[in-house]
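[1] need a 3D model of the sequence below.
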Amino acid sequence: MPYLSKLKEGSIFYDIDSNRNRKVSIFDTTLRDGEQTPGVSLTIQQKLEIAQQIDKLGVDSIESGFPISSKGDMEAVKTIASSGLNTNVCGLARVLKKDIDACIDANVDMIHTFVSTSDVQRIHTIKKSREEVLDMACEAVSYIKDHGIKCMFSAMDATRTDTDYLIEIYQAVEDNKCDIINVPDTVGVMSPSRMYNLIKLVDSKINIPIDVHCHNDFGLAVANSLMAFEAGASQIQVTINGLGERAGNADLGEAVMSLQSIYGAITNINTEYIVETSRLVERFTGVKMPPTMPIVGENAFAHESGIHTHGVLEQSDTFEPGIMTPEMVGHTRRIVLGKHAGKHAIKKSLETAGLNPTDDQLNEIVSRVKAIADKGKRITDADLNAVTLTVMGKPAGEELIKLKELSVMTGNIITPTAVVKASVDREELIMSNTGVGPVDAALKAVEEMIGEHTKVKIHDFRIEAISGGSDALAEVIIGVEDENGKIVTARSASADIVMASVDALITAINTLLNK
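    Predicted structure coming up:
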């Protein structure tokens, strides 16, 4: 892997070399714990598509669901288990025979069985003694192994469990031929140093592999996972986009890239598909990632500050990690224009668009861009294009698309429908489409209309009211992305949100094609 060559002797990363070239397995639980994200519910087909994408990503194991929980989950787990994936397909089961039988019926490769071991959960939820819990755990593991299936045992709420009892139960399931034990920080209360010490202790007492499952209640899930790895864990549980109960789980992108780029550890992950996988899960779950999300966020490799953009344009690792580049994760570097933008960034953006102003013209363009930004406006690519053409005295580029008419129909018994009439490359076309609302329907109609000319998708969509009242003027900013990952943004303002949205989309597409 090319980035491992950057971990050279004398660098700040080289000191972690005791973990260099250590193999660590990645266990993805997006389809089980990830679907427990409040408000998220996936169809069987969506689960299958996510499983196939995660398999393409190269994870070692997929926790495909909790078969006993519902008929739908049972069907989803069965479908995924029979779909011919390269990864190990795992099913979740309580330490109950009916749960385990459901996993067996689903034909999974591995069964992950669990029981509460902390006093607070044991007393108040399952109402069992420590001895009863120990017996249940051993019986469940033995039952799974008697069926010739790989078994992972999880002491739920392990990090709040009495340590001596925790070790006792792990040793007992090991004696019953368990293949791997999981140490879950079920309510996310561990600090990294405490997680390190706990895993170090567990590792000294058992001889089978250790897996960890960290929740993000204090924002420490990835840090705790890394400390567990340092202490001897050989498998880490993650979810795409950090989805999961409450504040979620350790994020796959953050955990994997930290392991590989900082520690020099070895995983089977094809990292160039991380962003692609993130966006698929974002689309299916409806959980939007914040732009500042590490690795996959819109701004993860974006730069605005003049000092930063100048440095990055000269040599990328001046203001980026260097041991991780956007290409490694399937992302793209973006130079964002705003009040902090410098001359180098604006010049580079214009050169990319095929515009080469003189030094005096460039100074005027920079001045005008900063003036727009100082008014609290986001600078879109269409704004920069318009400012530059004005300063340079050039005619505006040819518009491939010209809107002629737009009509929408919506109501409580009518599927939102839009009809768009436009001139596309001098040919008059009419296109209709439906959507979840009139804006969605109108944008889909435009996208379909230009399908023969260019393949674009909406990357970013924002609406802001810029005046008060029921007739408020709304400003829409849309970013469109072409097949090569190039993103162009444009804005439009109108009291009619549908019209503003379509106008912004058409402006963005025309700007993209002119570039």
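[2] now name the helix or strand holding Val391.
    Per DSSP states H and E: Val391 is located in helix 381-392.
[3] do the same with Phe229
    Counting by DSSP H and E, Phe229 is part of helix 221-231.
[4] what's in contact with that helix?
    16, 19, 22, 24, 183, 185, 188, 190-193, 195-200, 203, 210, 212, 214-216, 233, 236-238, 242, 248-251, 254-255, 258-259, 263, 265 (C-beta atoms under 8 Å, 6 or more residues apart in numbering). C-beta coordinates here come from the backbone N, C-alpha and C atoms, glycine included.
[5] just the buried members of those residues?
    Among the contacts of helix 221-231, those scoring as buried are 22, 24, 183, 185, 188, 190, 192, 195-196, 198-199, 203, 210, 212, 214-216, 233, 236-238, 242, 248-251, 254-255, 258-259, 263, 265 (criterion: 16 or more other C-beta atoms under 10 Å).
[6] filter those residues down to the ones in helices?
    Pro192, Met195, Tyr196, Leu198, Ile199, Asp203, Glu254, Ala255 (DSSP state H).
[7] quick one: contacts for the last one?
    I take that to be Ala255. Ile26, Val222, Ser225, Leu226, Ile236, Val238.
[8] can we see that at 7 Å?
    Val222, Ser225, Ile236, Val238 (C-beta atoms under 7 Å, 6 or more residues apart in numbering).
[9] distance of it relative to Asn268?
    Ala255 is 14 Å from Asn268, where distance means C-beta to C-beta, to the nearest Å.
[10] same thing with the first one?
    Between Pro192 and Asn268 the distance, using C-beta to C-beta, works out to 25 Å.
[11] just to revisit the earlier point, closest to Gly286 out of the ones in helices among the buried ones among the contacts of helix 221-231?
    Glu254 (21.3 Å; C-beta to C-beta).
[12] so that closest one touches Met293, yeah?
    No: using C-beta atoms under 7 Å, Glu254 is not in contact with Met293, being 8.8 Å away.
[13] residues in contact with the residue nearest to Asn299 when sequence neighbours are not counted?
    Nearest residue to Asn299 in three dimensions, chain neighbours excluded: Pro291, at 4.4 Å (C-beta to C-beta, 6 or more residues apart in numbering). The contact partners of Pro291, by C-beta under 7 Å, 6+ apart, come to Gly297, Glu298, Asn299.
[14] again, but for Leu134
    Ile169, Ala172 are the contacts of Leu134 under C-beta under 7 Å, 6+ apart.
[15] cool, Asp360 as well?
    Applying C-beta under 7 Å, 6+ apart, no residues contact Asp360.
[16] shaky segments in the stretch 51-200 of the chain?
    Nowhere does the stretch 51-200 of the chain drop to pLDDT under 70.
[17] could you pull out the strands for it?
    61-65, 88-94, 110-116, 150-156, 180-185 (DSSP state E, counting those that start in this stretch).
[18] can I get the second one as CSV, trimmed to CA atoms?
    Below are the C-alpha coordinates for strand 88-94, written out as CSV (Å, rounded to 0.1, in the frame of the first residue of the first chain):
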residue,chain,number,x,y,z
ASN,A,88,-18.6,-13.9,6.3
VAL,A,89,-22.3,-13.4,6.9
CYS,A,90,-23.2,-13.2,10.6
GLY,A,91,-26.6,-13.3,12.4
LEU,A,92,-27.3,-12.0,15.9
ALA,A,93,-28.9,-14.1,18.6
ARG,A,94,-29.6,-13.8,22.3
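[19] tell me which strands that strand pairs with, and in which orientation.
    strand 61-65 (parallel), strand 110-116 (parallel) (DSSP bridges).
[20] closest one of the ones in helices among the buried ones among the contacts of helix 221-231 to Thr30?
    For those, the nearest to Thr30 is Ala255 (12.9 Å; C-beta to C-beta).
[21] roughly how far does the closest one sit from Arg283?
    22 Å.
[22] for Ser432, same thing?
    23 Å.
[23] between those two, which is the more surrounded one?
    Higher neighbour count among Ser432 and Arg283: Ser432, with 17 against 11, using other C-beta atoms under 10 Å.
[24] pLDDT at the more buried one, what is it?
    pLDDT recorded at Ser432 is 92.
[25] ok, now which ones touch it?
    Thr417, Ala418, Val419, Ala445.
[26] ok, the helix or strand where it lies: who's next to it in the sheet?
    Taking DSSP H and E as the definition, Ser432 sits inside strand 427-434. Strand pairing for strand 427-434, using DSSP bridges, gives strand 414-424 (antiparallel).
[27] quick one: Val202 and Ile208 touch, right?
    No: taking C-beta under 7 Å as the definition, Val202 is not a contact partner of Ile208, at 10.4 Å.
[28] more crowded one of the two?
    With neighbours defined as other C-beta under 10 Å, Val202 and Ile208 compare such that Val202 has more, 24 against 16.
[29] which ones are touching Val89?
    So Val89 contacts Ile62, Ser64, Ile80, Ala81, Val108, Asp109 (C-beta under 7 Å, 6+ apart).
[30] what's the domain layout of this structure?
    As given by automatic domain parsing, the domain ranges for the chain are 2-285, 302-392, 401-514.
[31] so, low pLDDT: which residues of the stretch 201-350 of the chain?
    303-322, 333-342.
[32] ranges for the strands of it?
    According to DSSP E, counting those that start in this stretch, the strands that the stretch 201-350 of the chain contains are 210-214, 235-238, 302-303, 334-335.
[33] these two touch, right, Asp211 and Asn182?
    Yes: using C-beta under 7 Å, Asp211 is in contact with Asn182, at 4.4 Å.
[34] can you work out which residues contact both of the two?
    Met152.
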